[in-house]
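S.K.: turn this into a structure:
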Amino acid sequence: MDVKSMVEGYREELLERLGKLVSINSVEGEPQEDAPFGTEPKRALLTALEMMEKDGFKTVNLDNYIGYGEMGEGDDIIGIVGHLDVVPAFKEDGWNTDPFEMVEKDGTLYGRGVSDDKGAVVASMIAMKVVRDMGIPVNKRIRLIMGTNEETGSRCLKHYVEKEGSVTLGFTPDGDFPGVHGEKGMVAAVYRSKRTGIRDIKGGTAKNVVCRNCSILVDRCTFSKKKLEDYFNNNNLEFEIIEEENGTRVNLQGVAAHASMPELGINAISYLLTGLKEAGFQDPFVDFYNSHFGLTTDGEKVGCKCSDEFGALTLNNGVIAMNDGMIEGSIDIRFPVTLSSRKVVNMMKDHLEDEDGVIKIKHTAEPLFFPIDSPLVTSLLEAYQEVTGDMETQPMTMGGGTYAKGIDNTIAFGCAFPGKDYHIHDANEYVDIAELLKQAEIYVAAIIKLLNV
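M.R.: Predicted coordinates:
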């Protein structure tokens, strides 16, 4: 029996397992004594480990941070590093279905995590079962590592590396086929108002997502309602302008996207604050936002616009809120793989503060880069090519940050196929069942390739 048929034989099991994991709302919650990232990420980990234990794999739970299932013998470890946590999802954000109930329609699965990254984790489980079924010599340990905090800091992987060390060769199925040989560096920052007349503002669900909804409350008669309506209508935006007891509220709806590709979204914060300025609203914070960000996503207004042969810098404003009269918002910068965080921050130094607001750098992460002809990259590329027959698409660099930055000898490989937008970090995230099975088939080929490196 060929690998494709063997994978197909696990179709129903794959769907059952993925449905069970999707039903767990594994967004990071309040830490508990035995649940460092909340009860639901822990429940997702225990559920996944139980699946692998029933399969007969050795399982290890590292303090409910992260765990793994393993097969094979030897000193070398082939690591497949996936995550079971997800970004927030709410039905009112545009989902056509309950985001935490996997729904199948015409061969397509919908639900939070079906692509990022629970689907890839389950496909990897099936791949390990198929490799075992094939009875081929396994001269290295094959370890499916499953974390619970990738979306909000990857402290789970740090815990793994502290306890277990790195892997000999590995991939994280949390990027793109046919492989990601470079990941941009990151600068995380916040901006804060110094003075403002805004009464309240709130928007966004996560720092690494383009803000989809934003709401602001301002004093009455402080802007031209007609100019604001015209601005929103000219940009085909959905909005509400509501007169309330203590002022005028404006609600704006944009389009969410991953922070690594902010140009694919419509940022509700940016359009709301740009629109208010266009409508004559006079406010120091609005002036600060427009002079430092506006509608740009390339860092130009904060002095860090740059690019290299592999890509350009991106900047996303994800979350904004007002507390005790001060507005604070998040900044997520992804910078080119050949630059350093020190250089990017230095480019910004003259743009971090004025009389109306301030930008504070919170933390940075350096880029990841493997030569495209390295054994790890070429082995995974060959696995993809053998299964798909696609000899044109080449490994890439990307703005998204994955587990690969936190563990040695690892790159992102899958789960996204070329040219597809799975609405990751957006409403109606989906994956085609046929592609999920194809993923598993590619991972089988990848494991076999890495066994021979």
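S.K.: only C-alpha atoms for contact and neighbour calcs from this point on.
M.R.: OK.
S.K.: OK, contacts around residue 391?
M.R.: Under the criterion of Cα atoms under 8 Å, 6 or more residues apart in numbering, the contact list for residue 391 reads residue 385.
S.K.: okay, it: pLDDT?
M.R.: As predicted, residue 391 sits at a pLDDT of 97.
S.K.: that one falls within a helix, correct?
M.R.: No - in this structure, residue 391 is coil, not part of a helix, as judged by DSSP: H, G, I helix; E, B strand; the rest coil.
S.K.: so how far is residue 370 from it?
M.R.: To residue 370, residue 391 is 20 Å away according to Cα to Cα, to the nearest Å.
S.K.: show the average pLDDT along the lengthiest helix in the chain.
M.R.: Ordering each helix of the chain by length in residues (DSSP state H) puts helix 433-451 first. Mean pLDDT, helix 433-451: 98.
S.K.: tell me the contacts of residue 333?
M.R.: 186, 187, 188, 313, 314, 315, 316 are the contacts of residue 333 under Cα under 8 Å, 6+ apart.
S.K.: relative to residue 208, how far out is it?
M.R.: Distance of residue 333 to residue 208, computed by Cα to Cα: 10 Å.
S.K.: what do those two both touch?
M.R.: In terms of Cα under 8 Å, 6+ apart, residue 333 and residue 208 are both contacted by the residues residue 316.
S.K.: what pLDDT does the model give residue 400?
M.R.: For residue 400, the pLDDT comes out at 76.
S.K.: does the closest residue to it other than its chain neighbours count as helix, strand or coil?
M.R.: Of all residues not flanking residue 400 in the chain, residue 260 sits nearest, at 5.1 Å (Cα to Cα, 6 or more residues apart in numbering). Assigned with three-state DSSP, residue 260 falls in the coil class.
S.K.: and the angle from the helix or strand that contains residue 124 to helix 433-451?
M.R.: Residue 124 belongs to helix 118-134 when elements are defined using DSSP states H and E. Interaxial angle of helix 118-134 relative to helix 433-451 (axes from the mean of the first three to the mean of the last three Cα atoms, to 10 degrees): 60 degrees.
S.K.: and helix 118-134, how far from the chain's centre?
M.R.: Distance, stretch centre to chain centre, for helix 118-134: 22 Å (Cα atoms, centre = their mean, to the nearest Å).
S.K.: what is the subsequent helix or strand relative to it?
M.R.: strand 141-147.
S.K.: so what does that following strand touch, helix or strand wise?
M.R.: Counting contacts by 3 or more Cα pairs under 8 Å, 6 or more residues apart in numbering; DSSP states H and E, strand 141-147 is packed against strand 66-71, strand 77-83, helix 118-134.
S.K.: of all the ones you listed, which gets the most neighbours per residue?
M.R.: For those, the largest average neighbour count (mean count of other Cα atoms under 10 Å) is found in strand 77-83, namely a mean of 26.
S.K.: what's the first helix or strand after that strand?
M.R.: strand 103-105.
S.K.: what residues sit buried inside that next one?
M.R.: Neighbour counts over strand 103-105 (16 or more other Cα atoms under 10 Å) mark 103, 104 as buried.
S.K.: run the chain-centre distance for the helix or strand following that strand.
M.R.: Counting by DSSP H and E, the next helix or strand C-terminal to strand 103-105 is strand 108-110. From the chain centre to the centre of strand 108-110 is a distance of 19 Å (Cα atoms, centre = their mean).
S.K.: quick one: strands adjacent to strand 108-110?
M.R.: Counting by DSSP bridges, the strands paired with strand 108-110 are strand 103-105 (antiparallel), strand 430-432 (antiparallel).
S.K.: pLDDT of that strand, averaged?
M.R.: For strand 108-110, the mean per-residue pLDDT is 98.
S.K.: go on, stretch 2-18?
M.R.: Per-residue pLDDT over stretch 2-18 has a mean of 98.
S.K.: please compute how far that stretch lies from its chain's middle.
M.R.: That offset, for stretch 2-18, works out to 26 Å (Cα atoms, centre = their mean).
S.K.: need the CA coordinates for that stretch. CSV is fine.
M.R.: C-alpha atoms of stretch 2-18 as CSV (Å, rounded to 0.1, in the frame of the first residue of the first chain):
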residue,chain,number,x,y,z
ASP,A,2,1.4,3.4,-0.9
VAL,A,3,1.7,6.3,1.6
LYS,A,4,-1.2,8.2,0.2
SER,A,5,-3.6,5.3,0.7
MET,A,6,-2.2,4.7,4.2
VAL,A,7,-2.8,8.3,5.1
GLU,A,8,-6.3,8.2,3.6
GLY,A,9,-7.0,5.2,5.9
TYR,A,10,-6.8,7.5,8.8
ARG,A,11,-9.2,10.1,7.4
GLU,A,12,-12.0,9.6,9.9
GLU,A,13,-9.6,9.4,12.9
LEU,A,14,-7.9,12.7,11.7
LEU,A,15,-11.3,14.4,11.5
GLU,A,16,-12.4,13.1,14.9
ARG,A,17,-9.2,14.2,16.6
LEU,A,18,-9.2,17.6,15.1
